[in-house]
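Peer 1: Fold the following and give me the result.
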Amino acid sequence: MGSAASAADDINALEIHHWYRKFMKECPSGQLSLHEFKGLLGLHGMNPEATKYIEQVFSTFDMNKDGFIDFLEFIAAINLVLRGKIDQKLKWYFKLYDADGNGSIDRKELLSIITAVQAINGHQGMSPEEFTTLLFTKIDVNGDGELTLEEFIGGIEKDPDLLELISKSFDLSNVLKTIQNGRRRSMP
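Peer 2: Purely as a prediction, here's the structure:
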């Protein structure tokens with residue numbers, strides 16, 4: 001919980017008040033469920049890959065793993081997306097990719113999450129298979145087919161092209177714009 005509070009310190013009081021009003025308007029209970037999260041972003045009825053990605057994003061923002069995103073977790077997420085340093089964002093990406101939570105990313109996990117991201121954001125110019133192969137070729141230094149946090153961060157920080165590719169793929173500013181502007185209208 002301390003990390004959420006320290007992340008909130010980076011956002012000024014006026015911004016916190018603004019986000020609090022938005023959060024409470026969309027979520028009067030003060031706790032955002034996965035179902036509400038999907039509704040807020042207009043993401044119900046997505047294909048299984050996209051749904052899995054949204055669930056993984058929700059899970060990484062639900063820091064205390066209680067099944068809800070409370071306001072402090074919400075502010076920590078906003079701070080990461082808007083002001084997070086590159087190493088903070090890379091740690092978050094790693095956590096997002098590490099779907100089974102075992103501390104490493106294997107090819108299957110990476111392929112799955114990239115497939116899901118493309119299902120939501122559209123094709124990024126490279127197939128999920130090509131992206132996965134590229135990433136492992138460039139940064140799996142010991143060739144064991146798994147990426148540790150150190151390999152992941154070190155490899156991406158040393159490769160500006162990979163850093164740009166990953167940053168574009170996981171840009172969540174559109175999520176914040178949706179929240180800031182209110183709920184998306186459901187398509188008929």
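Peer 1: where along this protein do the helices fall?
Peer 2: For the chain, applying DSSP state H gives helices covering 2-8, 13-26, 34-40, 48-61, 71-83, 86-97, 107-121, 128-139, 149-157, 160-169, 173-181.
Peer 1: Output those in a markdown table, with mean neighbour count appended to each entry.
Peer 2: Every C-beta, even on glycine, is put in place using the N, C-alpha and C of the backbone. Output for those, formatted as a markdown table (neighbours: other Cβ atoms under 10 Å):
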| stretch | mean neighbour count |
| --- | --- |
| helix 2-8 | 14 |
| helix 13-26 | 13 |
| helix 34-40 | 17 |
| helix 48-61 | 19 |
| helix 71-83 | 20 |
| helix 86-97 | 17 |
| helix 107-121 | 19 |
| helix 128-139 | 17 |
| helix 149-157 | 18 |
| helix 160-169 | 14 |
| helix 173-181 | 13 |
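Peer 1: Next, format the ones you listed as CSV and append mean pLDDT.
Peer 2: Formatted as CSV, the helices of the chain follow (pLDDT from 0 to 100):
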stretch, mean pLDDT
helix 2-8, 46
helix 13-26, 83
helix 34-40, 83
helix 48-61, 81
helix 71-83, 82
helix 86-97, 85
helix 107-121, 80
helix 128-139, 90
helix 149-157, 92
helix 160-169, 81
helix 173-181, 58
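Peer 1: residue closest to the middle of this structure?
Peer 2: The chain has residue 57 as the residue nearest its centroid, 4.6 Å off, counting by Cα atoms, centre = their mean.
Peer 1: Let me see the contact set for the spatially closest residue to residue 57 that is not a sequence neighbour.
Peer 2: Leaving aside its sequence neighbours, residue 57 sits nearest to residue 96 (Cβ to Cβ, 6 or more residues apart in numbering; 6.7 Å). By Cβ atoms under 8 Å, 6 or more residues apart in numbering, the contact set of residue 96 is 56, 57, 60, 113, 170.
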